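K.L.:
missing the sequence, but the structure's below:
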């Protein structure tokens, strides 16, 4: 299968196999007019299988969201066919409106239009805490 | 006060140990010299927004403000406010912030005061948010312990009853963890054990704790026994509440092996978890706690409004 290389754009590499569609949707890539390729189940020496997303345009990406989805993702910025920058994403310190608090006693369950905010409390356990009610969520 | 920054009290950890010790000092001075404080809040208004019923907390806030020469306004249940029409916490607080100099708020939802503090420029005091925090009860408890024991360190505190939803328990642990050599004995049925994030907090602070189900077994070790009510309003089903509500009832017989200088505390209201026969025991301090609650709230209002006695 051939997918053209990106001349100027972004390549999201080392996405955990099967997560690319969720990332595509969350980043709103379906709203772009430029070409976007999702490649699933690519052979990877490091991970066995991985997904890749190629975007034929340089756009502002929410690296925090990428870090939340998968902290192994690498973001490659390509200009004129050359790799000009490579970024490794990390678990974000704060997640705003990415996950919802599931505690039925939390104020977010009734108060309208307030952001759901979680702060990282334990990086090694991927544990976040709701800033309102302190409910903890462990990322899978 | 630090500069002109508005201070709120959402969680007990919003106050440093030095600030808490300062509040205790002022509260003790208020007890000795009430006249010195009686006009310090003249022309200031406290709003008490109680979306959930309360006797002690609301009345002690109001009594505290009145004893400082200030005035009070507010509501005592969600039904008597526009919350009954569906008004949000944000809108209520933005409105009341235009009427009052300081707000004490109780709400059944956890984290409601965090939202409130984001929406107004007057100080917000969390007077209880669901099963989460109740910092002014904690200040009350710390003042009581300090007055009864003469210290806030080096003691074993037994916490008994509903440790899962008991916000007073959570706040008291968070506060006392900052003092030296506190050991916790957590006495509860399995279903009402302390939440994991709280036991994690105890571990992270390097403090000792043990979890046991039997009150009599714990009794001889304790310097403080903090009883709590199993709260009906925190249960989603009646069956669970009925099954657990009578798990621990403190009677004179259960105190036989207790220390002679034990301090028995309870945030009140009690239902039946402490027999009225215990009220006559010199070690019972739960009604004394209510007086401490007024003094420490007076000290807190002054602190948050940046008012000092001459």
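P.N.:
Yep, that arrived. Keep in mind the model is a prediction, meaning the values are calculated, not measured.
K.L.:
break chain A down into its domains, please.
P.N.:
A:9-88, A:94-138 (automatic domain parsing).
K.L.:
make TSV out of those domains and add mean neighbour count and distance to chain B.
P.N.:
(Glycine included, C-beta is placed from N, CA and C.) Shown next, in TSV, are the domains of chain A (neighbours: other Cβ atoms under 10 Å in any protein chain shown; distance: least, Cβ to the nearest Cβ, whole Å):
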stretch	mean neighbour count	distance to chain B
domain A:9-88	15	20
domain A:94-138	17	2
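K.L.:
tell me which residue in chain B sits closest to chain A.
P.N.:
Closest contact between chain B and chain A, by Cβ to the nearest Cβ, is at residue B:111 (2.5 Å).
K.L.:
that residue: neighbouring residues, count only.
P.N.:
31 (other Cβ atoms under 10 Å in any protein chain shown).
K.L.:
show me chain B divided up by domain.
P.N.:
According to automatic domain parsing, the ranges for chain B are B:12-134+B:293-305, B:135-290.
K.L.:
ranking those by burial, who's on top?
P.N.:
Greatest average neighbour count among the domains of chain B goes to domain B:12-134+B:293-305 (a mean of 20), per mean count of other Cβ atoms under 10 Å in any protein chain shown.
K.L.:
show me the contacts for the spatially most central residue of chain B.
P.N.:
Compute the mean C-alpha point of chain B, and by Cα atoms, centre = their mean the closest residue is residue B:137, 1.5 Å away. Shown in contact with residue B:137 (Cβ atoms under 8 Å, 6 or more residues apart in numbering or on different chains): B:57, B:128, B:167, B:168, B:171, B:172, B:267, B:293.
K.L.:
so where's chain B uncertain?
P.N.:
Scanning chain B for pLDDT under 70 picks out B:1-4, B:233-236.
K.L.:
hmm, residue B:266 is touching residue B:224, no?
P.N.:
No: between residue B:266 and residue B:224 there is no contact under Cβ atoms under 8 Å: 11.3 Å.
K.L.:
work out for me the element the spatially most central residue of chain A sits within.
P.N.:
Taking Cα atoms, centre = their mean, the centroid of chain A lies closest to residue A:66, which sits 1.9 Å from it. Here residue A:66 sits within helix A:63-69, counting by DSSP states H and E.
K.L.:
show me how far that helix is from its chain's centre.
P.N.:
4 Å (Cα atoms, centre = their mean, to the nearest Å).
K.L.:
and for stretch B:295-304?
P.N.:
14 Å.
K.L.:
how about the contacts made by residue B:109?
P.N.:
Residue B:109 touches A:105, A:106, A:107, A:109, A:110, A:111, A:133, B:89, B:129, B:130, counting by Cβ under 8 Å, 6+ apart.
K.L.:
what's the closest of the residues you listed to residue B:81?
P.N.:
residue B:89 (10.6 Å; Cβ to Cβ).
K.L.:
go ahead and confirm the closest one touches residue B:118.
P.N.:
No: counting by Cβ under 8 Å, residue B:89 sits too far from residue B:118 to count as a contact (10.1 Å).
K.L.:
give me the three-state assignment for the closest residue to residue B:38 other than its chain neighbours.
P.N.:
Of all residues not flanking residue B:38 in the chain, residue B:69 sits nearest, at 5.5 Å (Cβ to Cβ, 6 or more residues apart in numbering or on different chains). Taking DSSP: H, G, I helix; E, B strand; the rest coil as the rule, one finds residue B:69 in the coil state.
K.L.:
end-to-end on stretch B:37-49?
P.N.:
24 Å (Cα to Cα, to the nearest Å).
K.L.:
what about the residue of chain A most remote from its centre, distance to residue A:132?
P.N.:
In chain A, the greatest distance from the average C-alpha position (Cα atoms, centre = their mean) is reached by residue A:105, at 28.7 Å. Note on residue A:105: its distance to residue A:132, by Cβ to Cβ, to the nearest Å, is 10 Å.
K.L.:
identify the contacts common to the two.
P.N.:
Contacts common to residue A:105 and residue A:132, judged by Cβ under 8 Å, 6+ apart, are residue B:110.
K.L.:
next one: the biggest helix by length in chain B to chain centre, how far?
P.N.:
Determined from DSSP state H, the single longest helix within chain B is helix B:286-305. From the chain centre to the centre of helix B:286-305 is a distance of 10 Å (Cα atoms, centre = their mean).
K.L.:
which helices and strands sit right next to that helix?
P.N.:
helix B:17-32, helix B:56-67, strand B:102-107, helix B:135-149, strand B:263-265 (3 or more Cβ pairs under 8 Å, 6 or more residues apart in numbering or on different chains; DSSP states H and E).
K.L.:
that one vs strand B:102-107, what angle?
P.N.:
130 degrees (axes from the mean of the first three to the mean of the last three Cα atoms, to 10 degrees).
K.L.:
in a helix, residue B:203, correct?
P.N.:
Yes: under three-state DSSP, residue B:203 falls within a helix.
K.L.:
which helix or strand in chain A has the lowest average pLDDT?
P.N.:
Lowest by mean pLDDT, DSSP states H and E among the helices and strands of chain A is helix A:63-69, with a mean of 85.
K.L.:
now do the helices in the chain.
P.N.:
Chain wasn't specified; assuming chain A. Going by DSSP H, chain A shows helices at A:20-26, A:63-69.
K.L.:
wrong one, chain B
P.N.:
B:17-32, B:34-37, B:56-67, B:89-96, B:112-119, B:135-149, B:167-176, B:196-204, B:215-218, B:238-244, B:286-305.
K.L.:
so what's the spatially closest residue to residue B:70 that is not a sequence neighbour up against?
P.N.:
Counting by Cβ to Cβ, 6+ apart, residue B:70 lies nearest to residue B:41, which is 3.4 Å off, once chain neighbours are set aside. Residues counted as contacts of residue B:41 (Cβ under 8 Å, 6+ apart) are B:65, B:68, B:69, B:70, B:301, B:302, B:305, B:307.
K.L.:
shouldn't the third one be in contact with residue B:39?
P.N.:
The one in question is residue B:69. Yes: with contact defined as Cβ under 8 Å, residue B:69 counts as touching residue B:39 (4.0 Å).
K.L.:
hang on, the earlier thing: got a markdown table for the contacts of residue B:41, with distance to residue B:212 too?
P.N.:
A markdown table is the format used below for the contacts of residue B:41 (distance: Cβ to Cβ, whole Å):
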| residue | distance to residue B:212 |
| --- | --- |
| B:65 | 41 |
| B:68 | 43 |
| B:69 | 48 |
| B:70 | 45 |
| B:301 | 39 |
| B:302 | 41 |
| B:305 | 43 |
| B:307 | 45 |
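K.L.:
can you name the residues that contact residue B:274?
P.N.:
B:227, B:249, B:250, B:264, B:266, B:284, B:286.
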